[in-house]
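Visitor: What follows is a predicted protein model with its sequence.
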Amino acid sequence: MAKELTVGDKAPALSLPDQSGEPVSLKDFTGKQVVLYFYPKDDTPGCTTESCDFRDAEISIKKAGAVILGVSLDGKESHQKFIKKFDLPFPLLSDEKATISKAFGCYKEKNMYGRKYWGIERSTFVIDQAGKLKAIFRKVKVGGHVTEVLAALKA
């Protein structure tokens, strides 16, 4: 098992297709901060609220010199519908094999109604201009989360 990431570590390399199938890599954003948020599923209540909160804070996040990238296990068609339905202004990346979710330690065994399954544990990583982890939020509670992320960006 990979070692748990901590603040100050270099962010794992990332290259995933976005909603158009175009590859997106963390290297594309060198010199900017990146808000990388992992969420369980497109168009579900918590994920929709979280994504819309990031959408509504996008101007403040951009002012902090950052870009937003969402990651889930959903494919590009699902991402396209989700973006269109909620007018999301940032890329959503498809981690269909969970390789990046595993690298960031967000792919966990979950339990719902006594049924065990593997999925994404809602997590956000703030990555600095040099590609190092500046802040890590695990088991994110959606309410107020964007405020925490903004504070980390400005720190």
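Guide: That came through fine.

Visitor: I'd assumed Val34 was in contact with Gly70.
Guide: No - taking contacts as Cβ atoms under 8 Å, Gly70 lies outside contact range of Val34: 11.4 Å. Any C-beta I mention is one placed from the backbone N, CA and C, and that applies to glycine too.

Visitor: Could you tell me which residues make contact with the residue positioned nearest the centre of the chain?
Guide: With distances taken as Cα atoms, centre = their mean, Tyr37 lies nearest the centre of the chain, 1.6 Å away. Contact analysis of Tyr37 by Cβ atoms under 8 Å, 6 or more residues apart in numbering lists 50, 54, 68-71, 122-125, 140.

Visitor: Show me what it is bridged to.
Guide: Gly70, Thr124 (DSSP bridges).

Visitor: What pairs with the lowest-mean-pLDDT helix or strand in the chain, parallel or antiparallel?
Guide: In the chain, no helix or strand scores lower on mean pLDDT, DSSP states H and E than strand 107-112, which sits at a mean of 90. Strand 107-112 has its sheet partners listed here by DSSP bridges as strand 115-120 (antiparallel).

Visitor: From the chain's centroid, how far away is the partner strand?
Guide: Computed by Cα atoms, centre = their mean, to the nearest Å, the chain-centroid distance of strand 115-120 equals 18 Å.

Visitor: Now it: buried residues?
Guide: For strand 115-120, a neighbour-count test (16 or more other Cβ atoms under 10 Å) marks 119-120 as buried.

Visitor: Could you shift the numbering so residue one becomes 817, and keep it that way?
Guide: Shifting the count to begin at 817 puts that one at strand 931-936.

Visitor: Would you check how far apart the residue nearest to Val823 when sequence neighbours are not counted and Val850 are?
Guide: Computed as Cβ to Cβ, 6 or more residues apart in numbering, the closest residue to Val823 that is not its neighbour in sequence is Leu949, at 5.4 Å. From Leu949 over to Val850 the distance is 10 Å, taken as Cβ to Cβ, to the nearest Å.

Visitor: Make CSV from the contacts of Tyr853 and add pLDDT and distance to Asp858 to it.
Guide: Formatted as CSV, the contacts of Tyr853 follow (pLDDT from 0 to 100; distance: Cβ to Cβ, whole Å):
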residue, pLDDT, distance to Asp858
Glu866, 97, 11
Phe870, 98, 14
Ile884, 98, 15
Leu885, 98, 15
Gly886, 98, 9
Val887, 98, 11
Arg938, 96, 13
Ser939, 97, 17
Thr940, 98, 17
Phe941, 97, 20
Val956, 95, 17
